[in-house]
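> Model the following, please.
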Amino acid sequence: MKAGVVHAREDIRYEEIPTPSPKAGQVLIKVKYTGICGSDVPRVNGDACHFFPNVLGHEFSGVVEKTGEGVTGVKPGDRVAGVPLVPCMQCEDCQKGNYSLCKNYSFIGSREYGSFAEYVVVPERNAVKFGANVSFEQGAFFEPSTVALHGLLRVNYQGGGAVAILGGGTIGLFTMQWAKIFGSRKVVVFDISEERLSLAKKLGADDVINTLEENYMEKALALTDGRGYDYVYETAGNTATMHMAFEAAGNKAQVCFIGTPTKELTFTVKDWENMNRKEFTLTGSWMSYSAPFPGREWELTAHYFKTGELKFDESLIYRKIPLSRIAEAFAMYQVPGQVKGKLLIDSEA
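The predicted model follows:
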């Protein structure tokens, strides 16, 4: 089969490798689309790749091609989204259902070969079926959607509150939609891009705030009658939005950092005073799993994509690129700000 194989830093090649065969309990998936995750970029353009040669890709959709012995949950022809985490199922965290915290996990597309290829093998439980009315492009967005829902539920989320989403990227826009589905009174998306803010409104945001505008925080707090937000979700992993969270939070708020930071963050005295005086709760979120594996995050994504309540818009996709041109796709990330949305790798083009 053909695959995009990472051989060294900034060296990903389209080449022939053996097609894997499913063992007992595994399925072979013919890959349709794979999204390039932010975590893939430093594995190709930086020094984060676990080993060489390697095949990355973990946000994927496809069709079950073949099943190994003992597989009963899926069959050839099923449309599926890939679940990348392979927890050990034996450690204390796994026994408690905290699969994201497993210390002995494997991961499809980083620690073992992934979906930047024509075919990928996964355990049976790592193939989540979806209906015919859900496109394969949507299927490649299951993983980011589940990351958003896991983050939403990392706090004691209750309907009826005001919610701030800091960052209008893929994760932020899904977090906004989940907040709406779970009964928020008002959801406000913060970003610097008018294009992303327009998409947020299209997907259901009640209001949007451009943080490049003067006195943007005054405007944002006015939307809550000066109370601040009951729930604040930082989804960009940006130093500015992390500081923003401390200002946007209301008294007794619940704040979750979903975004992955790339730079050092120093908390100011004002940040800590905000946290102390408001007595808000701050926590983080990691991956997207719960019991029974892979969890309600995946089950509900399949359900709400099927009903249409979890909206998908082609504007979420920046560009579709054939697998044969995968090196060009990663080169685009060398130009800051060039990629505005999700890049999808088409394994059949």
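> Strands of the stretch 1-150 of the chain, residue ranges please.
Using DSSP state E, counting those that start in this stretch, the strands assigned to the stretch 1-150 of the chain run over residues 2-8, 11-16, 26-35, 59-67, 79-82, 85-86, 106-107, 119-123, 127-129.
> what residues are up against residue 195?
residue 340 (C-beta atoms under 8 Å, 6 or more residues apart in numbering). Where you see a C-beta, it was placed from the backbone N, CA and C, and this is true even at glycine.
> coming back round to it: would you convert the strands of the stretch 1-150 of the chain into TSV that also reports distance to residue 168, mean pLDDT and mean neighbour count?
Output for these, formatted as TSV (distance: least, C-beta to C-beta, whole Å; pLDDT from 0 to 100; neighbours: other C-beta atoms under 10 Å):
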stretch	distance to residue 168	mean pLDDT	mean neighbour count
strand 2-8	29	98	21
strand 11-16	29	98	15
strand 26-35	17	98	25
strand 59-67	19	98	24
strand 79-82	23	98	25
strand 85-86	26	98	20
strand 106-107	27	98	15
strand 119-123	31	98	24
strand 127-129	26	98	21
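> This structure - how does it break down into domains?
Domain assignment for the chain by automatic domain parsing gives 2-145+288-346, 155-284.
> Point out where the stretch 101-250 of the chain drops to low pLDDT.
Along the stretch 101-250 of the chain, the model assigns pLDDT under 70 to no residue.
> related to what we said a few turns ago, make TSV from the strands of the stretch 1-150 of the chain and add distance to residue 51 to it.
Output for the strands of the stretch 1-150 of the chain, formatted as TSV (distance: least, C-beta to C-beta, whole Å):
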stretch	distance to residue 51
strand 2-8	9
strand 11-16	14
strand 26-35	19
strand 59-67	20
strand 79-82	20
strand 85-86	16
strand 106-107	12
strand 119-123	17
strand 127-129	25
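> how far does stretch 214-223 sit from the chain's center?
Centroid separation between stretch 214-223 and its chain, computed with C-alpha atoms, centre = their mean, to the nearest Å, is 28 Å.
> contact partners of that stretch?
Applying C-beta under 8 Å, 6+ apart, the external contacts of stretch 214-223 come out as 162, 164, 186, 188, 190, 207, 209-210, 213, 227-228, 244, 247-248.
> Which of the residues you listed fall within helices?
Judged by DSSP state H, those include 244, 247-248 as members of helices.
> among those, which ones are buried?
For the ones in helices among the contacts of stretch 214-223, a burial check counting by 16 or more other C-beta atoms under 10 Å picks out 244, 247-248.
> Turn those residues into CSV, columns for distance to residue 340.
As requested, those are exported to CSV (distance: C-beta to C-beta, whole Å):
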residue, distance to residue 340
244, 21
247, 26
248, 24
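> Out of the strands of the stretch 1-150 of the chain, which is closest to residue 328?
Proximity to residue 328, assessed across the strands of the stretch 1-150 of the chain by C-beta to C-beta, is greatest for strand 11-16 (9.9 Å).
> Can you list the strands that that closest one pairs with?
With DSSP bridges as the test, strand 11-16 is paired with strand 2-8 (antiparallel).
> how big is the angle separating the partner strand from strand 119-123?
If you take axes from the mean of the first three to the mean of the last three C-alpha atoms, to 10 degrees, strand 2-8 sits at 80 degrees to strand 119-123.
> So which residue of the chain lies furthest out from the middle?
residue 277 (32.4 Å; C-alpha atoms, centre = their mean).
> so what's the residue lying closest to residue 236 once chain neighbours are set aside up against?
Distances taken as C-beta to C-beta, 6 or more residues apart in numbering put residue 167 closest to residue 236, at 3.1 Å, once the chain neighbours are dropped. Residue 167 makes contacts with 190-191, 234-238, 241, 259, as judged by C-beta under 8 Å, 6+ apart.
> what does residue 130 give?
If you count contacts by C-beta under 8 Å, 6+ apart, residue 130 has them with 61, 79-81, 138-139, 142, 302, 305-306.
> now do 10 Å
Neighbouring residues of residue 130 by C-beta atoms under 10 Å, 6 or more residues apart in numbering: 61, 78-81, 136, 138-139, 142, 298, 301-303, 305-306.
> Ramachandran angles for it?
Reported as degrees, to the nearest 10, the phi and psi values for residue 130 are phi -140, psi 160.
> Now do it against residue 325, distance only.
According to C-beta to C-beta, to the nearest Å, residue 130 and residue 325 sit 27 Å apart.
> what does residue 213 give?
Residue 213 sits 38 Å away from residue 325, going by C-beta to C-beta.
> More neighbours: which of those two?
Using other C-beta atoms under 10 Å, the more surrounded residue of residue 213 and residue 325 is residue 325, with 14 against 10.
> Spatially nearest residue to that one, not counting backbone neighbours?
According to C-beta to C-beta, 6+ apart, the nearest residue to residue 325 is residue 14 (7.6 Å).
> Kindly state the beta-bridge partners for the one you found.
residue 4.
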